[in-house]
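Visitor: here is the input, now give the coordinates:
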Amino acid sequence: MNITQIRNATQRITFGGKTFLVDPMLAAKGTYPGFAGTARAEIRNPTVELPIDIDTLLNVDALIVTHLHEDHWDEAAARIVPKDKPIYVQNDYDAQVLREQGFTQVNVLAQNTMIGDITLRKTGGQHGSDRAYAIPQMAERLGDACGVIFQHPEEKTLYLVGDTIWRDEVETNMQTFQPDVVILNAGFAHVIGFGPIIMGAEDVLKTHFTLPEAQIVATHMEAINHCLLTRAALQEYARDNQIAQFVNVPEDGETLTF
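Guide: All right, here's what the predicted structure looks like:
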């Protein structure tokens with residue numbers, strides 16, 4: 001498999017002979033205001049430009065959209081992505097939103113979605129703490145987000161964890177499916193008053209403790225206002241914990257092969 005870090009959580013993944021675009025945020029640098037009520041909300045998003053042109057980016061077989069927050073599916077993506085491109089989403093609600101945007105090949109991920117010989121398994125998580133989800137307005141704002149496990153007879157198993165904090169179900173997925181490669185949204189995004197809503201450095205370490213031989217790919221970093229963990233800080237943390245050989249922190253535009 002090849003994993004190309006594009007920007008934020010947007011990645012191109014070539015797996016089992018197919019190429020997927022994950023969580024496209026396609027707007028130019030500074031298009032949107034920072035997320036209100038989050039860390040460093042005065043900074044406009046995205047904070048960096050795309051590293052490759054849109055035509056190259058969209059030369060894929062299908063898209064996977066883990067949820068509809070603006071930093072994973074934005075107005076630019078809804079406008080630019082061809083309306084007949086196959087798109088895989090987490091649930092019926094997100095599917096309906098995309099169909100209302102004009103997309104004609106929207107599919108809801110299941111526990112066993114087949115694309116040729118590729119199996120995609122939707123996984124769960126929680127996009128913030130139990131305390132945040134106990135407040136209805138916060139629960140509605142944070143919403144649902146999924147992950148995906150990729151399997152193919154001739155590929156290593158890949159676990160795209162998605163926007164979630166560390167949860168028992170995430171650890172169980174790791175123990176059950178024993179992925180060889182794990183993509184972690186590790187930017188440590190913070191909502192003021194509620195703390196992190198995605199993983200950070202300590203969760204990279206927990207992933208290594210759970211899957212000692214797995215390669216970890218850190219993404220969702222250095223592109224959105226509320227992501228507080230930098231690539232340099234995570235690399236230093238990995239070196240200090242002597243796990244640097246298992247932790248990949250690609251730059252935007254960099255391709256990793258596993």
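Visitor: could you report the neighbour count for the closest residue to residue 73 other than its chain neighbours?
Guide: Leaving aside its sequence neighbours, residue 73 sits nearest to residue 65 (C-beta to C-beta, 6 or more residues apart in numbering; 4.9 Å). (Each C-beta comes from the backbone N, C-alpha and C, glycine too.) Residue 65 is flanked by 24 other residues according to other C-beta atoms under 10 Å.
Visitor: what's residue 65 in contact with, if anything?
Guide: 22, 23, 24, 72, 73, 87, 88, 89, 90, 94, 98 (C-beta atoms under 8 Å, 6 or more residues apart in numbering).
Visitor: show me where the stretch 51-200 of the chain has its strands.
Guide: Assigned by DSSP state E, counting those that start in this stretch, the strands in the stretch 51-200 of the chain fall at 62-65, 87-89, 106-108, 113-115, 118-123, 147-151, 158-160, 181-185, 190-191, 195-196.
Visitor: on that earlier part again, quick check: beta-bridge partners of the residue nearest to residue 73?
Guide: Assessed by DSSP bridges, residue 65 has beta-bridge partners residue 89.
Visitor: measure it to residue 148 for me?
Guide: Between residue 65 and residue 148 the computed distance is 10 Å (C-beta to C-beta, to the nearest Å).
Visitor: follow-up on the earlier one: would CSV of the contacts of residue 65 with distance to residue 167 and pLDDT be doable?
Guide: As requested, the contacts of residue 65 are exported to CSV (distance: C-beta to C-beta, whole Å; pLDDT from 0 to 100):
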residue, distance to residue 167, pLDDT
22, 20, 98
23, 19, 98
24, 25, 98
72, 19, 98
73, 23, 98
87, 26, 98
88, 22, 98
89, 21, 98
90, 16, 98
94, 20, 98
98, 26, 98
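Visitor: tell me the most packed of these, by neighbour count.
Guide: Ranked by the number of neighbours (other C-beta under 10 Å), the contacts of residue 65 place residue 24 first, at 30 neighbours.
Visitor: if we can go back for a sec, which of the contacts of residue 65 lies closest to residue 191?
Guide: Nearest to residue 191 among the contacts of residue 65 is residue 72, at 16.0 Å by C-beta to C-beta.
Visitor: surely the closest one meets residue 63?
Guide: No. Contact criterion C-beta atoms under 8 Å: residue 72 and residue 63 do not qualify, at 10.9 Å.
Visitor: what touches both of the two?
Guide: Residues touching both residue 72 and residue 63 by C-beta under 8 Å, 6+ apart: residue 24.
Visitor: doesn't residue 207 fall inside a helix?
Guide: Yes. Residue 207 forms part of a helix when assessed by DSSP: H, G, I helix; E, B strand; the rest coil.
Visitor: columns distance to residue 153 on top of the contacts of residue 65, output as TSV?
Guide: Formatted as TSV, these follow (distance: C-beta to C-beta, whole Å):
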residue	distance to residue 153
22	22
23	26
24	28
72	30
73	31
87	25
88	20
89	26
90	26
94	30
98	30
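Visitor: of those, which is the nearest to residue 247?
Guide: Among the contacts of residue 65, residue 22 lies closest to residue 247 (C-beta to C-beta), at 19.6 Å.
Visitor: next up, the contacts around that closest one.
Guide: Applying C-beta under 8 Å, 6+ apart, the residues contacting residue 22 are 9, 10, 11, 12, 13, 63, 64, 65, 66, 160.
Visitor: adding pLDDT, write these out as JSON lines.
Guide: Listed next are these as JSON lines, based on pLDDT from 0 to 100:
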{"residue": "9", "pLDDT": "98"}
{"residue": "10", "pLDDT": "98"}
{"residue": "11", "pLDDT": "98"}
{"residue": "12", "pLDDT": "98"}
{"residue": "13", "pLDDT": "98"}
{"residue": "63", "pLDDT": "98"}
{"residue": "64", "pLDDT": "98"}
{"residue": "65", "pLDDT": "98"}
{"residue": "66", "pLDDT": "98"}
{"residue": "160", "pLDDT": "98"}
